[in-house]
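Undergrad: Prediction below, plus the sequence it came from.
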Amino acid sequence: MQELFSIFVKGIFMENMIFAYFLGMCSYLAVSKTVKTGVGLGAAVIFVLGITVPVNYLLENYVLKEGALAWLDEDFATLDLSFLGFIMFIAVIASMVQLVEMIVEKFAPALYGALGIFLPLIAVNCAILGGSLFMQERAYATIGQATAFGIGSGIGWFLAIVAIAAIREKITYSNVPAPLRGLGITFIITGLMGIAFMSFMGIEI
């Protein structure tokens, strides 16, 4: 249990998708103009990461890896389908994003309209694919660890976009120099927040 908690907390703070790896920056910058849209997209990212990382873990360990199909038949024990990893991971991600899009359109049409093109673009969000690739690289031992990492990474991305959205709403009423208004000041604040999050890297869990 402690190991799962450690992976979960690291995904939120020490290995934050935005502030540690700068993944998913396009959506982060484009949809963070208001807290409402930031919360909506952040929640969608948590859901997609929380589902796709464990699903891709099962896919990796029981279908794609060399010898993964041994449970099916001994004749498949030497079969290696790892070259299909990217394609299969993206297919799972695209399916989950389509499900999220339908749910949001059905139950929150106003939010669906506010998010616009960036909701379906979660399918090509670097943070989503990055979650599955990090899971693959780190070779988590159980699906529980993969799930903890996926949900933790999603919450980390959620905190990042909500935090910058809240700051950008306040900055609207601030006297920002003309050349820095908009994305300029947003990049500066993101860099400063990234430096702040680096302080978590010294914590051992």
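TA: Nice, I can see it.

Undergrad: mean confidence for the biggest helix by length in the chain?
TA: The longest helix of the chain (DSSP state H) is helix 143-171. Averaging pLDDT along helix 143-171 yields 94.

Undergrad: again with stretch 13-31
TA: On average, stretch 13-31 scores 89.

Undergrad: sorry, back to before: does anything pack onto the longest helix of the chain? Which helices or strands?
TA: With contacts defined as 3 or more C-beta pairs under 8 Å, 6 or more residues apart in numbering; DSSP states H and E, the packing partners of helix 143-171 are helix 2-12, helix 25-30, helix 35-59, helix 126-138, helix 183-198. For every residue, glycine as well, the C-beta is placed using N, CA and C.

Undergrad: Now tell me which helix or strand of this protein has the poorest mean pLDDT.
TA: helix 109-115 (a mean of 82; mean pLDDT, DSSP states H and E).

Undergrad: Please save the CA atoms from that helix in PDB.
TA: The C-alpha coordinates for helix 109-115 follow below in PDB (Å, rounded to 0.1, in the frame of the first residue of the first chain):
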ATOM      1  CA  PRO A 109     -23.200  20.800 -23.300                       C
ATOM      2  CA  ALA A 110     -22.000  24.300 -22.200                       C
ATOM      3  CA  LEU A 111     -18.600  22.800 -21.100                       C
ATOM      4  CA  TYR A 112     -18.500  20.800 -24.300                       C
ATOM      5  CA  GLY A 113     -18.900  24.100 -26.300                       C
ATOM      6  CA  ALA A 114     -16.300  25.900 -24.200                       C
ATOM      7  CA  LEU A 115     -13.700  23.200 -24.600                       C
END
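
Undergrad: tell me the contacts of E105?
TA: Y112 (C-beta atoms under 8 Å, 6 or more residues apart in numbering).

Undergrad: going forward, begin numbering at 18 instead of 1
TA: From this message on, residue numbering opens at 18, which makes the last subject E122.

Undergrad: relative to helix 52-76, how tilted is whichever helix or strand it is part of?
TA: Under the criterion of DSSP states H and E, E122 resides in helix 102-124. Per axes from the mean of the first three to the mean of the last three C-alpha atoms, to 10 degrees, the angle that helix 102-124 makes with helix 52-76 is 140 degrees.

Undergrad: With that, I have no additional questions.
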